[in-house]
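S.K.: predicted coordinates and the sequence they were generated for:
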Amino acid sequence: MRLLHAFTRYRQPVYGFEEKKLYRLNDTRMGNLVYAKIGDRAFNIFLHSPWATQEGWHDFSYPVGGAIDRVMREFADTRVGFDVRGTPFEKLPDEGTYYAFGYEGLTLQDFCDGYIYQRYLSDYQGVTPDPQFITEEDLAKALAGMPSPESRKKVTKPAQLLEGIAQDADMQRRFAHLH
């Protein structure tokens, strides 16, 4: 779910969900920096996945209101990649997700240049973490790499961190409301 580093033309909202405040649009992601140097030779391809809603990172919805899933229902078991610009997909609006913060009339062409669709979101499956992936010896290093300081304080054992990873990867549970 962390596509945030690939943005090129699109600038990610820096939004405080608790404060309900947009602070700025971030143009310092790696894709933004590459785009600033080489322009349209940089091309952002989005892999079909749920988008966070305007409620926060814990709540998800279909990209561009589910339009792509609805279209793809006509083509069962089809996997496809396509350019967004210059196609009917470019004007698909997004109004209710995190990515629309700071944008008046965000469309798919504002967000990405290409799109890869593999299956309906309701069919996605996660992975099972290896129980030896994080051990007592490397727990401190693993915790140091976690993005949330609050989460780091809650984890005291490798099993807790592995359980959190398993919960994050449980796509069927996390996105059950998208079925």
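M.R.: That came in fine, so what should we check first?

S.K.: for Leu47, grab phi and psi.
M.R.: Leu47 adopts backbone torsions of phi -90, psi 120, taken as degrees, to the nearest 10.

S.K.: which residue, other than its chain neighbours, is closest to it?
M.R.: Ile116 (5.0 Å; Cβ to Cβ, 6 or more residues apart in numbering). The way it works is simple: take the backbone N, C-alpha and C, and place the C-beta from them, glycine included.

S.K.: gap between the helix or strand the one you found falls within and the chain center?
M.R.: Taking DSSP states H and E as the criterion, Ile116 maps to strand 114-117. The chain centre lies 13 Å from the centre of strand 114-117; the measure is Cα atoms, centre = their mean, to the nearest Å.

S.K.: next structured bit after the helix ranked longest in the chain?
M.R.: Criterion DSSP state H: the longest helix present in the chain is helix 158-169. Counting by DSSP H and E, the next helix or strand C-terminal to helix 158-169 is helix 171-174.

S.K.: helices or strands up against that following helix?
M.R.: If contacts are counted by 3 or more Cβ pairs under 8 Å, 6 or more residues apart in numbering; DSSP states H and E, helix 171-174 sits against helix 158-169.

S.K.: for the helix it packs on, output the C-alpha coordinates as PDB.
M.R.: Written as PDB, here are the backbone C-alpha positions of helix 158-169 (Å, rounded to 0.1, in the frame of the first residue of the first chain):
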ATOM      1  CA  PRO A 158       9.000 -10.500  18.100                       C
ATOM      2  CA  ALA A 159       5.700 -12.300  18.200                       C
ATOM      3  CA  GLN A 160       3.800  -9.000  18.700                       C
ATOM      4  CA  LEU A 161       5.500  -7.500  15.600                       C
ATOM      5  CA  LEU A 162       4.900 -10.600  13.500                       C
ATOM      6  CA  GLU A 163       1.200 -10.600  14.600                       C
ATOM      7  CA  GLY A 164       1.000  -7.000  13.400                       C
ATOM      8  CA  ILE A 165       2.600  -7.900  10.100                       C
ATOM      9  CA  ALA A 166       0.100 -10.800   9.700                       C
ATOM     10  CA  GLN A 167      -2.800  -8.500  10.500                       C
ATOM     11  CA  ASP A 168      -1.600  -5.900   7.900                       C
ATOM     12  CA  ALA A 169      -1.200  -8.600   5.300                       C
END
